[in-house]
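J.: this is a predicted model, with the sequence first.
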Amino acid sequence: MAKLTIDGKPVEVPNGMTVLQACQTIGVEIPHFCYHERLSIAGNCRMCLVEVEKMPKPVASCAQPVMDGMVVHTDNDKVKKARKGVMEFLLINHPLDCPICDQGGECDLQDQAMAYGYDRSRYHENKRAVDEKFMGPLVKTVMTRCIHCTRCVRFATEVAGVEEIGALNRGEHMEITTYLERSLTSELSGNVVDLCPVGALTSKPYAFTARSWELRKTESIDAMDALGANVRIDARGNEVMRILPRLADDINEEWLSDKSRYVYDGLKRQRLDTPYVRRDGKLAPASWGEAFAAIAAQAKSLGGDQMAAIAGDLADCESMALLKDLMTSLGCRNLDCRQDGAKLDPAQRAAWLFNSTIAGIDQADALVLIGANPRKEAPVLNARIRKRWLAGKFPVGVIGERADLTYAYDYLGAGPNTLQDLVDGKSRFAETLRKAQRPMLIVGQGALARKDGAAVLAAARRLAEAAGMVKDGWNGFNVLHTAAARVGGMEVGFVPGQSGRDLEGILAGAESGAIKLVYLLGADEIDMKRLGRAFVVYQGHHGDAGANRADVILPGAAYTEKAATYVNTEGRAQRTKLAVFPPGEAREDWTIVRALSEALGHTLPYDTPSAVRTCLTAKSPAFGALDRIVPASWGPFGAEGPMDAAPFKSPVANFYMTDPISRASHVMAQCTAMRRDLAAADAAPTGTGS
Amino acid sequence: MSAKITPISADEPRVWAFTPENRAKVDAAIKKYPAGRQASAVLFCLDTAQRQHGWVPQAAIEHIAAILGMAPIRVTEVASFFTMINRKPVGKYLLQVCGTTPCWLRGSDEVFAAIKEETGAGKGETSADGLFTVMEVECLGACVNAPVVQVNDDFFEDLDKDNLKAALRKLKAGEQPKPGPQNGRHASEPAGGALTLKSIAGSSGVQS
């Protein structure tokens, strides 16, 4: 510990802290641009100057470690004058275009110029002009505004793990650019927009659409992957204008994946805004009453075993819980929330959770990825793994696809045979795992969503047990999900009841005609052709594959339009808030199921949100504690059996398009095209060569 | 929507590699640094590439990045930071004319004029015959022999219009003019002969 005095107040902070951090501990704010707590220290903006007694010049507090007996002044005349000088230099070449700058109103430079700037310039020379740089479809650049803090360079290099941004030339001619002005190829590239303290890097899709002070800010939860990143949804009127990350140290820190950040234009396209009923082979708009009547007419002649329900990737827990109760009351046990066919075992909570927790990655000291490509399936989680890897002494083994994960790994093999070798201790990585104190494994859906998924799950469990991954205070067995709804569905118990059919059984039944009514709760990623002649009810918010096949469409709300519970891959229940209203006749999803239950003559006893939540709490302990994790106990799960030798394959082929919202998004389509073009350019024989 | 890639000029090679001799030199240079620190050899690599090719095309930068295990943007940053690395083609002789104050006071403007008259190339230009590229640089550290022009690796000092033109003519003719002071001085001794220590002139080590 070091004792120092800041502005006359005695402070005691751990050694190794910087003066700036020490100031922050007692609430003394130091202006800064280049310093960022999650990036390395650059010390190049010079805005954080403070005076330290016995030092000849003002020092950059972000780069100055504390020392015992330091006497720091942060607001005397010398410091103010120094900062004013720095600000004056920064503004020499910074354009005065705040009125047309998207950063205006939330700009660090603007704010700090208010505090430290002169009210007029002493420079009459022309300002320097810098060409715009192309950084891809997500990041817009106005490089004349750049103050060269290099936060974007450090983010790309350190956090995103793609060394693509750099600073060319020197001195006054320095320019930030991507290599050969190629698109950024990171799934986290949007974060450089948040990091940029000025308006040099701004959001391309959001450009010139709104001013920050016009926006209504709603704190919510992301549903584009299974991480449950904390987001802030900014809306104007009834339109989502942008999505930003919120600080959540245990989940997304302060990062957000590009899909979660930029998918919002998909919320305005292809929306289902009124119920539809298929008449004479064509879907026709209908009233809610007509839609319910059409379903009731079909359902009344059917037994429970002739019906089935499948929940999709964006379904919320409330609607799944109510739909389960409704189907149960109709005598139907054919339920499945695993629309990708993953063999998640409902018997044990630990079998489907990311047990070590996301923050637990920081404590782990060895990792095996089994059929998971976290870079595509959960980019923010991948950045966390990279952060742990950068800290050192973190061997990573990969069984599955050989992909660029942004960290080095030991490629063990492609499929179950390698996994079996590892379980049997025959693999070279087995020794590494045995030596580790807190080893962990991550099983992806690529390993579970296959016919032998249950056997792979069992093998993963045996590996966890054999390698000592499960012990007091540590559970390193982790399942990485790709869908926001999956863990919620498992917690609710949206799985086949006794002798009920699972996904494969439902589809086979529909093909053979044994299943006559299928209820799709936002399920779009199943093979619609296999639904045969069944009567299909689709409840969801986008006109995608499910709505296309449906006989009755019930328009629901997207995750930004309802207060709904999602459980992330760790088993952390979180609740979204209503940021904008659903379009047209669309309704919050649980109310649709509740209204339908009345039309079917099996009225569910839930009339208020609190009644629904009581029903949730009764279904699983996970819902009892919002935002917290209820640890799962360990026990046997999976099914012993032969494993197919076929290699594991990630279910996410195209990161930018995985669900109905992202498939409807223009921006995501642009990103997809960008990746395709880059791949083509790299493959072309007339490339830049090397 | 495309992934814009800045076009590389048509005269740039698409594929580039060190010659075997230069590759051996580069490998030896890399060995001077501890394992994992091979990126320290980047300047040697860039300089070697420039000596081999005359300038450093983007393909050479990517080749060096691959050898050193660096991202191409990192090598580009270094190459663009140092003015000694030419990222555009230059003539056979790169004339780096010092234009900083001492040389300017001693007639660097005349130096530029002489070069323009003799080769036809002005500041930042290459002569039509492709032999000379003229560049204005900051202080070359030879102020006592101002004005100075660096021709490739050699300094030509104490220049005036006539002796510079003579040197350029020799270069044009394929001869190698003697580098150093062009006005007869040996080094940086007083131009008009010795002024001090005359009493020991002629004794060992002291020129008369």
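T.: Good, I have the coordinates.
J.: and chain B, what are its domains?
T.: What automatic domain parsing lists as the domains of chain B is B:20-81, B:93-181.
J.: which one, of the ones you listed, ends up nearest to chain A?
T.: Nearest of these to chain A, taken as Cβ to the nearest Cβ: domain B:20-81 at 3.3 Å. To be clear about C-beta, it is placed using only N, CA and C from the backbone, and glycine gets the same treatment.
J.: right, is that closest one up against chain A?
T.: Yes. Counting by Cβ under 8 Å from any Cβ of the partner chain, chain A has neighbours in domain B:20-81: B:58-59, B:62-63, B:65-66, B:71-74, B:76-77, B:80-81.
J.: go through those residues and flag which are in helices.
T.: The helices, defined by DSSP state H, take in B:58-59, B:62-63, B:65-66, B:72-74, B:76-77, B:80-81 from the residues of domain B:20-81 next to chain A.
J.: hmm, which of the residues you listed are the buried ones?
T.: B:58-59, B:62-63, B:65, B:72-74, B:76-77, B:80-81 (16 or more other Cβ atoms under 10 Å in any protein chain shown).
J.: surely residue B:42 touches residue B:68?
T.: Yes. Using Cβ atoms under 8 Å, residue B:42 and residue B:68 qualify as a contacting pair, with a distance of 6.0 Å.
J.: first-to-last residue distance for stretch B:63-75?
T.: For stretch B:63-75, the separation between the terminal residues is 10 Å (Cα to Cα, to the nearest Å).
J.: do you have the strands of chain B handy? List them.
T.: Secondary structure of chain B, counting by DSSP state E: strands at B:93-98, B:132-137, B:149-151, B:154-157, B:180-181.
J.: could you list the alpha-carbon positions for the second one in PDB?
T.: Which is strand B:132-137. Taking only C-alpha atoms (Å, rounded to 0.1, in the frame of the first residue of the first chain), the coordinates of strand B:132-137 have been written out as PDB:
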ATOM      1  CA  PHE B 132      17.600  11.000 -60.000                       C
ATOM      2  CA  THR B 133      14.900  11.600 -57.400                       C
ATOM      3  CA  VAL B 134      15.100  14.900 -55.400                       C
ATOM      4  CA  MET B 135      13.900  15.100 -51.900                       C
ATOM      5  CA  GLU B 136      14.100  17.800 -49.300                       C
ATOM      6  CA  VAL B 137      15.100  16.500 -45.900                       C
END
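J.: and that strand, anywhere near chain A?
T.: No. Among the residues of strand B:132-137, none lie within reach of chain A under Cβ under 8 Å from any Cβ; the closest is 13.9 Å away.
J.: distance between the helix or strand hosting residue A:388 and the chain's centre?
T.: Element membership of residue A:388 [criterion: DSSP states H and E] is helix A:379-390. Here the centre of mass of C-alpha atoms in helix A:379-390, compared against the chain's by Cα atoms, centre = their mean, to the nearest Å, lies 13 Å away.
J.: does that helix come close to chain B?
T.: No. With Cβ under 8 Å from any Cβ as the threshold, helix A:379-390 lies outside contact range of chain B, at a closest distance of 14.3 Å.
J.: quickly run through the sheet partners of the following helix or strand past that helix, with directions.
T.: Toward the C-terminal end, the helix or strand that comes next after helix A:379-390 (DSSP H and E) is strand A:396-399. As defined by DSSP bridges, the strand partners of strand A:396-399 come to strand A:366-370 (parallel), strand A:410-413 (parallel).
J.: how about stretch B:31-45: buried residues?
T.: For stretch B:31-45, using 16+ other Cβ under 10 Å, the buried residues are B:38-39, B:41-42, B:44-45.
J.: typo on my end, stretch A:457-466
T.: Burial within stretch A:457-466, assessed by neighbour count using 16+ other Cβ under 10 Å, is assigned to A:457-464.
J.: circling back: who touches both of residue B:42 and residue B:68?
T.: Common contacts of residue B:42 and residue B:68 (Cβ atoms under 8 Å, 6 or more residues apart in numbering or on different chains): residue B:75.
J.: once you drop chain neighbours, what's closest to residue A:7?
T.: Leaving aside its sequence neighbours, residue A:7 sits nearest to residue A:74 (Cβ to Cβ, 6 or more residues apart in numbering or on different chains; 5.6 Å).
J.: and if you look at residue A:218?
T.: For residue A:218, the nearest residue in space outside its immediate sequence neighbours is residue A:579; the separation is 3.9 Å by Cβ to Cβ, 6+ apart.
J.: who touches that neighbour in this structure?
T.: Residue A:579 makes contact with A:216, A:218, A:220, A:233, A:235, A:240, A:560-561 under the criterion Cβ under 8 Å, 6+ apart.
J.: which element is it on?
T.: Here residue A:579 is assigned to no helix or strand, by DSSP H and E.
J.: now it: how far from residue A:242?
T.: When distance is defined by Cβ to Cβ, to the nearest Å, residue A:579 is 11 Å away from residue A:242.
J.: remind me which residues of chain B are low pLDDT?
T.: Confidence mapping of chain B against pLDDT under 70 gives the ranges B:1-8, B:205-208.
J.: spatially central residue for it, please.
T.: Residue closest to the average C-alpha location in chain B (Cα atoms, centre = their mean): residue B:152, at 4.1 Å.
J.: phi first, then psi, for that residue.
T.: Recorded main-chain torsions at residue B:152 are phi 50, psi -110, according to degrees, to the nearest 10.
J.: could you dump the longest helix along chain A to CSV, C-alpha only?
T.: Scanning chain A for the longest helix, with DSSP H as the assignment, gives helix A:666-683. Once side chains and other backbone atoms are set aside, the C-alpha atoms of helix A:666-683 remain, and they are given as CSV (Å, rounded to 0.1, in the frame of the first residue of the first chain):
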residue,chain,number,x,y,z
HIS,A,666,-29.9,-4.6,-44.0
VAL,A,667,-26.8,-3.8,-42.0
MET,A,668,-26.3,-7.5,-41.2
ALA,A,669,-26.7,-8.2,-44.9
GLN,A,670,-24.0,-5.6,-45.7
CYS,A,671,-21.7,-7.2,-43.1
THR,A,672,-22.3,-10.6,-44.7
ALA,A,673,-21.5,-9.3,-48.1
MET,A,674,-18.3,-7.5,-46.7
ARG,A,675,-17.0,-10.8,-45.3
ARG,A,676,-17.8,-12.6,-48.6
ASP,A,677,-15.9,-9.9,-50.6
LEU,A,678,-12.9,-10.0,-48.3
ALA,A,679,-12.8,-13.8,-48.5
ALA,A,680,-12.9,-13.5,-52.3
ALA,A,681,-10.2,-10.8,-52.3
ASP,A,682,-8.0,-13.0,-50.2
ALA,A,683,-8.5,-16.0,-52.4
